[in-house]
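Novice: Any chance you can model this:
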Amino acid sequence: WRTYRQLANVRTDILSHSIKDIQQQQNYHPTLLMDTERILQIYALTIFYETYTWPREGYDECTWPGVTCRGLGVHHETPINNVRSDDLRVVALIVKGQDGATSRAVGEFGPYGPLLEGELPLESMFLRHLETLDVSHNMIGGVLRGEMMHWKNMKVLALNDNRIEGTIPPDVGNLYNLQK
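Specialist: The predicted structure is shown next:
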């Protein structure tokens, strides 16, 4: 419930009652207003944006900079406004720096967003429908964690020109659809 509680403190569309109401009543179990997978998607993106202090506007994660969404079981050509919001899933997260990104200051915005510095958040693994993750040309460090390499739909994984250390985890072999 910690994930839900953290989000419910700032959003009113996740739980049936406010956190304050829940805390005042013992043994009270609120109702989720959206499916768990969507809540985890919002949580993962929130952590991503907070990790890199990248501003986002509004509740709808599909309108945040760098995010592309598509409905479950919906073809590429279907307009996003014809899909129920609960069925929207993040299929691309593109926060690409520019060539020579290290010449920009951390947090300074380039054509695709700010220069990212720090580790790739583990919570990114909750973006289960990702087809494209492009965080190339940034200053992302640390190691790639195997737990993150279970994106079944991943086609493009661009991590080049960062400060990632260590070996590539064997779990990358689980990315069966990887093309690039």
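
Novice: packing partners for the helix or strand that contains F48?
Specialist: Per DSSP states H and E: F48 is located in helix 36-51. On a contact count with 3 or more C-beta pairs under 8 Å, 6 or more residues apart in numbering; DSSP states H and E, helix 36-51 meets helix 2-8, strand 88-94. The way it works is simple: take the backbone N, C-alpha and C, and place the C-beta from them, glycine included.

Novice: For R163, the count of nearby residues, please.
Specialist: By other C-beta atoms under 10 Å, the residues close to R163 number 13.

Novice: So in terms of bridging, what pairs with it?
Specialist: On the basis of DSSP bridges, R163 is bridged to G141.

Novice: quick one on the thing from earlier: what is the subsequent helix or strand relative to the helix holding F48?
Specialist: strand 67-71.

Novice: Partner strands of that next one, with direction?
Specialist: strand 88-94 (antiparallel).

Novice: what does the partner strand contact?
Specialist: If you take C-beta atoms under 8 Å, 6 or more residues apart in numbering as the criterion, strand 88-94 is touched by 37-38, 41, 45, 48, 61-62, 66-72, 80, 112, 124, 127-135, 153.

Novice: Quick check: PyMOL command selecting the buried ones in those residues.
Specialist: A single PyMOL command suffices to select whichever of those are buried according to 16 or more other C-beta atoms under 10 Å:
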select buried, resi 38+41+45+48+61+62+66+67+69+70+71+112+124+127+129+130+131+132+133+134+135
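
Novice: Quick one: low-confidence residue ranges for the chain.
Specialist: 1-6, 8-30, 32-33, 72-86, 99-114 (pLDDT under 70).

Novice: how about 50 then?
Specialist: The chain contains residues with pLDDT under 50 at 101-102.

Novice: what's the angle between the helix holding F48 and strand 67-71?
Specialist: 170 degrees (axes from the mean of the first three to the mean of the last three C-alpha atoms, to 10 degrees).

Novice: can you start the count at 712 instead of 1 from here on
Specialist: New numbering, starting at 712: the last item is helix 747-762.

Novice: Alpha carbons of helix 747-762, as CSV, please.
Specialist: Listed next in CSV are the C-alpha coordinates belonging to helix 747-762 (Å, rounded to 0.1, in the frame of the first residue of the first chain):
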residue,chain,number,x,y,z
THR,A,747,-2.8,-1.9,-10.4
GLU,A,748,-0.7,-1.9,-13.5
ARG,A,749,-1.6,1.7,-14.3
ILE,A,750,-0.9,2.8,-10.8
LEU,A,751,2.5,1.2,-10.9
GLN,A,752,3.1,2.8,-14.3
ILE,A,753,2.3,6.2,-12.8
TYR,A,754,4.5,5.4,-9.8
ALA,A,755,7.5,4.4,-12.0
LEU,A,756,7.2,7.6,-14.1
THR,A,757,6.9,9.8,-11.0
ILE,A,758,10.0,8.2,-9.5
PHE,A,759,11.8,8.7,-12.9
TYR,A,760,10.9,12.4,-13.1
GLU,A,761,11.7,13.0,-9.4
THR,A,762,15.0,11.2,-9.6
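
Novice: Right, I'll call it a day here.
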